[in-house]
Each structure stands twice: as C-alpha cells, then as structure tokens.
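Undergrad: got a predicted structure plus its sequence, pasted below:
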Amino acid sequence: MIKMKAFQHLVIAFDGSEDGKDALELGIHISKQLHSELSVVQIEKNNPSRENALEENMGYLANNSIFPIDDMRNYPAVPQPKNHADTGEADKKTLAFKSETRRLLDHHHIKGDVTVLYGEPSEAIISFATDHNADLIVVGSRNMSGLKRLLFGSVSEKISQRSNIPVLIAK
C-alpha cells in the first residue's frame, strides 16, 4: 500500500493569464481542502534593478577604458541607457500583480505569500518550491501548437520534467 504524503505547502505559478487563473483557482481550492500553506509566485524574466546596475557599470567602463573608443565609428561603446522610468514601470507592474493576487486570495478567504521572482520561469519556480519545502507545484497549461511546443517547450512541461516535487497542471 502506498502512503500518500500530505500536501502542507503548495506553490502556485500565476502569470495573470486565464491559464494562470485556472491554476490559482485550483491551488486555492486544494489549499482550502487540505488546510495547507500557500505561496503564489510570478516570474519576470528580467530584473530591472540588475539591468540598471549593469548599464551603470558599462558606462563607467566606457568612460575609463584603455581602448580608443572615440575611434570607433557606427558602433556605440555602451548600450543606450534605458529610461529609469522603466524601473518605475516594472515596480508598478509588480505592485499591480501583488495587489490583484492578494485581492483574489482575500476573495477566497485564504492567506498566502505573494512573491515575484526573476529569471528563467521553470528554473525559478522549481528553485523557489525547493527552497521553501513545497509539497506540490501547481501550474497552468497553455495549449501551444505542436511547432511552438517543439521549438520553445512549455513552462509547465519543463517543470514537470525537471522537478523532484510533484506537479499538478491545471487545464
């Protein structure tokens, strides 16, 4: 007889899409039924604060270089700096995500952590779930065409293949 481990901590990957909402709803339902801890994560591929730090360092290197940058024609020595308002936009987007997710959790009368992670989605989700001793990862499924799936793979598929933690894919 196989003994099933109780799911005490669920991690739900939520990106705001309809598929993500399906995963969130399913995760909330399971969490309520099992009285388990809940963490909701969103993944951003780029960390705006790290991008700004890199640009600032590149600017320093360009201004203090031993190479004759002035002789280079048609090639910028430093990437064009992004508008620092972009960081503000990213912060607004993060706050909006957290606010919307918190509203959905409150609507269902459930407590949970809401976290924004940076990096490659499948790796970030697995790493977070492992670091926080999750018992189950809940993700949505995008119905990608065969060619897109072949070329890019889906995040849910990558997580289910690479994770040592059980994965539930909401459809």
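TA: Cool, got the structure. What you are looking at is a predicted structure, and each value in this text was computed from that prediction instead of being measured.

Undergrad: helices and strands around the longest helix along the chain, which ones?
TA: Ranked by residue count under DSSP state H, the longest helix found in the chain is helix 85-107. Helices and strands touching helix 85-107, by 3 or more Cβ pairs under 8 Å, 6 or more residues apart in numbering; DSSP states H and E, are helix 18-34, strand 37-44, helix 48-63, strand 113-118. (Each C-beta comes from the backbone N, C-alpha and C, glycine too.)

Undergrad: which of the ones you listed has the lowest mean pLDDT?
TA: Mean pLDDT per stretch puts helix 48-63 lowest among the helices and strands packed on helix 85-107, at a mean of 50.

Undergrad: what residues does stretch 123-137 touch?
TA: Residues outside stretch 123-137 that contact it (Cβ atoms under 8 Å, 6 or more residues apart in numbering): 5-13, 30, 36, 39, 41, 43, 115, 117-118, 139, 155, 159, 162-168.

Undergrad: what about it, average pLDDT?
TA: For stretch 123-137, mean pLDDT rounds to 97.

Undergrad: list the buried residues in it.
TA: Ala124, Ile125, Ile126, Phe128, Ala129, Ala134, Asp135, Leu136, Ile137 (16 or more other Cβ atoms under 10 Å).

Undergrad: widest-spaced pair of those?
TA: Ala124 and Asp135 (18.5 Å; Cβ to Cβ).
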